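Visitor: The following comprises the amino acid sequence and a computationally predicted model.
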Amino acid sequence: MSGSAVSARYARGVLIATGLLWVVAVFGGMAALSHYATTPGESRESPARWPKDSALHPTPGRAQLVMLAHPRCPCTRASLGELEQVLAKAGGRAEAHVLFLRPEGLEKEWEKGELWQRAASIPGVTVREDVGGVEARRLGATTSGHVLLFDSEGLLRFSGGITSSRGHAGDNTGRATLEALLSQPEFVAEGRHPVYGCALEGPDERLAVGALP
Amino acid sequence: MSPSPSPSPSPTMEHVAGEQLEERAARLYSRHLEGVWRRVDRLFARLMLGQWLFAIAISLFFSPYAWEGKAREVHVHVYAALFLGGALSAFPIALVWLRPGTALTRHVVAISQLLWSALLIHLTGGRIETHFHIFGSLAFLAFYRDWPVLLTASAMVVADHYLRGLYWPESVYGTLSPESWRLLEHFFWVVFIDLVLLFSCRGALREMREMAERRAVAELASEREQQKTRELDRALTELRDAQEHLIRVEKLAAVGQLAAGVGHELRNPLAAVRNAHAYLSKRISRLEEVTTDPRVPQFLSLMDRELNTCGRIISDLLDFARESPMSVQPCPLRPLVDEAVGVVPSREGVRVLNEVPEDLPVPLLDREQFRQVLINLVQNAVEAMPAERGGEVRVRAEGGDTTPLRVRVEDNGSGIPEDVLPRIFEPLFTTKSRGTGLGLAIVATRVQRHGGTLHVTSEAGRGSEFLIQLPPSVAAQAA
């Protein structure tokens, strides 16, 4: 066999090996990315009724819609977009609040960034800070973008996320359920949906709170 | 009698020409198509690089960090853009560099490009606008004009949707339990755009094929023309050689004829010289009579004159017979005319005027040959004056540099008779009793060798004008 034929076979072998490696790398990478995007945040049990010690003071007899959000979480951009659509269809059937986390020890105004402005621009939304994540803990929210709906009786009707995956805009079951609950109060549904987003609590805080259920 | 049919190529020749045309068209088509593939490969290599940089930029801008309370770490999107995007772009770019224009490169580019769509959709949070990247990519891939590439790309879209629908249906369809036809709906739109692009590819390929056929016809015609031109050039060269050969033969014949003429012409002056010599020999034997006999100086003068005549005949003969090589150089004309006028024997009552402007652009001439031209023309003009009256000979010049240079030698002598005028440049033709008939033939040859032309106009009793016209290349101002 001539030298050129050997080197051609060698080059072909290298090409095939590189190609296979590439296929494994890119398809593996895409699969890992998809897995990351569709892995929900940790969840904790939410109270079945509106917590009386809540810092929010709801108007009696009105449904309450609360979103707990991390002010710097890029995934929450999509959650706010979905919330805007939900409220546009809800037609004022609920009082809407977006509570932005300000972890302990951070300076004031830390939470007032792009997402704060975005939430404040949604008609009918009251935006507040949640210093130290007190309200989030009270409402059992651990992941940014967590939405809770309490009906006019103060009963929990929905708890979960309103995006299909991390930071992914578009139709999803969570948003559809929430819209249905708001437009038809008699609608009976599994009022849960995974929440995709950044963790509201840091690793140390999670340890302090204790093991999650 | 009916006209005979014009000759037509035999069926075999037609068949061969048709095969040649087909083969040429196929080669041109294939070369063009490969050029297209390589060009689009390079385009995609640049696009891959651009997409990578774009992905890094949007991940850094929109999702730089993932947060856990107040702790932050670099977001997975940044790593995905950097490493997954880098891998997506690197392999196709390497193939474009190492194996441009191959099917493997095109298909890898197609796979990579559609995976780029998926990655960008991820990085931009599933924005509906980013989904247009899929259709844009398919259109871009259609630049290859290679339908299997579109099939590979479309298969990637379908496989991606199918697998996502299987494992993460909500991220594709917005619901956890999509209807089975939802995949078909997505698939339908991809097939639709594919059909449009396939139709466009087919049209482009047909145009390329037609273009190749037209170009093949043109190339073959051009080659045939070039072949004809080469044959014509060869025929012209042969003709020129034959002409030169003929001229040489004619010249040899003329020289032979001239030799006879020279023999005849030399006989009389030599007889005169012999008689004079015989006489002088006798007288010299009686030295005392040499100083007293008046015929001694008369015969010496006769010998001198006749020997000069013999010399001129031989000189003209040699000038005509020899073709010395040209040696052109910048040669100011006015001093050359002065020199020529100085050589020509003066005649009483005949004035020779050099009216060549001093600022005339300096032409490129063979000095010696052109000097002889001027001498012959001026001498002819001087000799054209009737014996009973004087006259004027004027040498003038105009033009030069980028325009032709015109040199005129005019006289107001007796003119040239109409029946003589057409023959004056013929060798050995003369109307003079002691001429050789070579002077004007030499002038004509030398002017021609300078690339110029010689014209003569004459009017009986009023004089003649010889006009030399030299082309701009000769007339160009010498550096």
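Guide: Sure, I can see it. Please read all numbers here as calculations on a predicted model, not as lab measurements.
Visitor: dump the residue contacts of residue 102.
Guide: All of this refers to chain A. A:71, A:108, A:110-111, A:129-132 (C-beta atoms under 8 Å, 6 or more residues apart in numbering or on different chains). To be clear about C-beta, it is placed using only N, CA and C from the backbone, and glycine gets the same treatment.
Visitor: You answered for a different chain; I wanted chain B.
Guide: residue B:95.
Visitor: who does the longest helix along chain B touch, helix- and strand-wise?
Guide: Assignment by DSSP state H gives helix B:181-285 as the longest helix of chain B. Packing contacts for helix B:181-285, counted by 3 or more C-beta pairs under 8 Å, 6 or more residues apart in numbering or on different chains; DSSP states H and E, involve helix B:11-62, helix B:132-141, helix B:147-167, helix B:287-290, helix B:295-321.
Visitor: can you give me the angle the longest one makes with helix B:132-141?
Guide: Between helix B:11-62 and helix B:132-141, the angle formed by their directions is 150 degrees, by axes from the mean of the first three to the mean of the last three C-alpha atoms, to 10 degrees.
Visitor: Does anything pack onto helix B:11-62? Which helices or strands?
Guide: In terms of contacts (3+ C-beta pairs under 8 Å, 6+ apart), helix B:11-62 is packed against helix B:76-79, helix B:85-98, helix B:103-123, helix B:132-141, helix B:181-285.
Visitor: residue ranges with poor pLDDT in chain A?
Guide: Within chain A, the stretches with pLDDT under 70 are A:1-2, A:189-190, A:206-213.
Visitor: How about the stretch 151-300 of chain B?
Guide: B:251-252, B:255, B:258, B:260-262.
Visitor: Chain A: strands as residue ranges?
Guide: A:63-69, A:94-102, A:125-131, A:146-150, A:156-160, A:192-193 (DSSP state E).
Visitor: Those into TSV, with extra columns for distance to residue B:270?
Guide: Putting these into TSV (distance: least, C-beta to C-beta, whole Å) gives the following:
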stretch	distance to residue B:270
strand A:63-69	134
strand A:94-102	135
strand A:125-131	136
strand A:146-150	138
strand A:156-160	139
strand A:192-193	137
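Visitor: How about the most centrally placed residue in chain A, nearest residue that isn't a chain neighbour?
Guide: Most central in chain A under C-alpha atoms, centre = their mean is residue A:145, positioned 3.2 Å from the mean C-alpha point. Leaving aside its chain neighbours, residue A:145 sits nearest to residue A:79 (3.4 Å; criterion: C-beta to C-beta, 6 or more residues apart in numbering or on different chains).
Visitor: repeat for residue B:468
Guide: Leaving aside its sequence neighbours, residue B:468 sits nearest to residue B:407 (C-beta to C-beta, 6+ apart; 4.3 Å).
Visitor: What separation do you get for residue A:78 and residue A:183?
Guide: 22 Å (C-beta to C-beta, to the nearest Å).
Visitor: And the two? Which one has more around it.
Guide: residue A:78 (26 against 13; other C-beta atoms under 10 Å in any protein chain shown).
Visitor: State the distance from that one to chain B.
Guide: For residue A:78, the distance to chain B (C-beta to the nearest C-beta, to the nearest Å) stands at 5 Å.
Visitor: chain center to stretch B:401-412: distance?
Guide: 31 Å (C-alpha atoms, centre = their mean, to the nearest Å).
Visitor: Give me the mean pLDDT for that stretch.
Guide: Averaging pLDDT along stretch B:401-412 gives 90.
Visitor: Please enumerate residues in contact with that stretch?
Guide: B:333, B:356, B:360-361, B:363, B:374, B:377-378, B:381-382, B:384-385, B:391-399, B:462-472, B:474-477.
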